[in-house]
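1. Starting from these lines, generate the structure:
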Amino acid sequence: MQYLAKIKLRIKHTELKNKNNHMFTFKTDNKTVNAVIIEDDEFSKFGIISAIKVEDGKQYPKVKIVGETKFGIRGLQITDEILPDIVICDIGLPDISGLEVIKRIKAKFKSRIKILVVSGNINREIVTAAISSGADSFFTKTTSIEKLVEAICTTAKGESWLDSNISKILINGFSHNQQFLNHDLTKRELTILELIAEGLQNEEIANKLCISDGTVRSHTHNIYAKLSVTSRTQAVIKGIRLGIIMVDTHKNHNCDLSQLKMKNFVNTQSFF
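-> As a prediction, the model looks like this:
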């Protein structure tokens, strides 16, 4: 516990104030991801910090912890003051639910601040509630800790990260009640949704289809509207639920988004 205490003392709440005592926006360069941790379990927090320290910008952009707390309310205050690139949040917190934290951050900052849920509670209800509340990615505590920095950096740059545990839960939970309905997605929109599910960014999709980034963004917004979702993660998860997307379970990838394939049917009910 003394070692944990020393680690905790090294994490400082970074604040910059102007002469009027107002908070400046905390800016980052393209090699650093600023993160706030909201986690009440000391051992889980230690694991997160250790994974970040071990990676230390070797393979992924450097992750800098700019704030940490075990309370949801304090986490909201720190997020409001520092404006990090990403918030790493647990669901079970001592004061308010992590789901409420997610909702409040997304209501105020939209996509400006990304949210990665790190939780040991991975039942389908919690996972779907977190995603529908606005979480960008979900990392389970049973996943190899070495993958955490990958999840953080992938989420920070605007992509979704779901580990195989989450995909299996969603697939198993939805497979018995899957509905195959007519949808109004165009052939091009179905293709773009497939590429989103495979983890491609807008620029990569544009290059693959020989169209502009703006055209990809336009199609993506249309997909969101037609599926009644607000993020790439939600679009993929709804595709799983309704049968647009299927997973090749014979492959063993760390992120099952790379396994997702499209079926040419289905869609149109409210998310979850």
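
2. residue boundaries of the helices in the protein?
-> Along the chain, the stretches classed as helices by DSSP state H are 2-10, 42-55, 72-82, 98-109, 124-133, 148-156, 164-174, 187-197, 202-209, 213-227, 232-242.

3. Report the angle between the last one and helix 148-156.
-> Helix 232-242 and helix 148-156 are oriented at 100 degrees to each other (axes from the mean of the first three to the mean of the last three C-alpha atoms, to 10 degrees).

4. Ok, which of the helices of the chain comes nearest Lys64?
-> For these, the distance to Lys64 is smallest for helix 42-55, at 8.4 Å, taking C-beta to C-beta. Every C-beta, even on glycine, is put in place using the N, C-alpha and C of the backbone.

5. Same question for that closest one: list its buried residues.
-> Judged by neighbour count (16 or more other C-beta atoms under 10 Å), helix 42-55 contains these buried residues: 44-45, 47-49, 51-52, 55.

6. Same question for stretch 136-155.
-> 136-141, 143, 147-155.

7. Show me which pair in the residues you listed is furthest apart.
-> Pairwise distances across these (C-beta to C-beta) peak at 18.7 Å, for the pair Lys141 and Cys153.

8. returning to that earlier point: for the helices of the chain, give me TSV that also has distance to Leu116 and mean pLDDT.
-> Below are the helices of the chain laid out as TSV (distance: least, C-beta to C-beta, whole Å; pLDDT from 0 to 100):
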stretch	distance to Leu116	mean pLDDT
helix 2-10	20	38
helix 42-55	10	93
helix 72-82	13	98
helix 98-109	10	97
helix 124-133	10	86
helix 148-156	5	92
helix 164-174	12	64
helix 187-197	18	84
helix 202-209	20	90
helix 213-227	21	91
helix 232-242	11	74
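
9. what's around Ala225, how many residues?
-> Neighbours of Ala225 under the rule other C-beta atoms under 10 Å: 10.

10. brain fart, Asn207
-> Neighbours of Asn207 under the rule other C-beta under 10 Å: 13.

11. could you measure it against Ser119, distance?
-> Asn207 sits 35 Å away from Ser119, going by C-beta to C-beta, to the nearest Å.

12. now swap in Ile211 and tell me
-> 38 Å.

13. In terms of neighbours, single out the busier of these two.
-> Ser119 (20 against 15).

14. In space, what's closest to that one - neighbours in sequence excluded?
-> Take Ser119 and drop its neighbours on the chain: the residue closest to it by C-beta to C-beta, 6 or more residues apart in numbering is Ile91, 4.6 Å away.

15. just Ile37 next, same as before
-> Nearest residue to Ile37, sequence neighbours excluded (C-beta to C-beta, 6+ apart): Glu68, at 4.2 Å.

16. Hmm, that neighbour is touching Glu42, no?
-> No: judged on C-beta atoms under 8 Å, Glu68 makes no contact with Glu42 at a distance of 10.9 Å.

17. For Ser144, what are phi and psi?
-> With angles defined as degrees, to the nearest 10, Ser144 sits at phi -50, psi 130.
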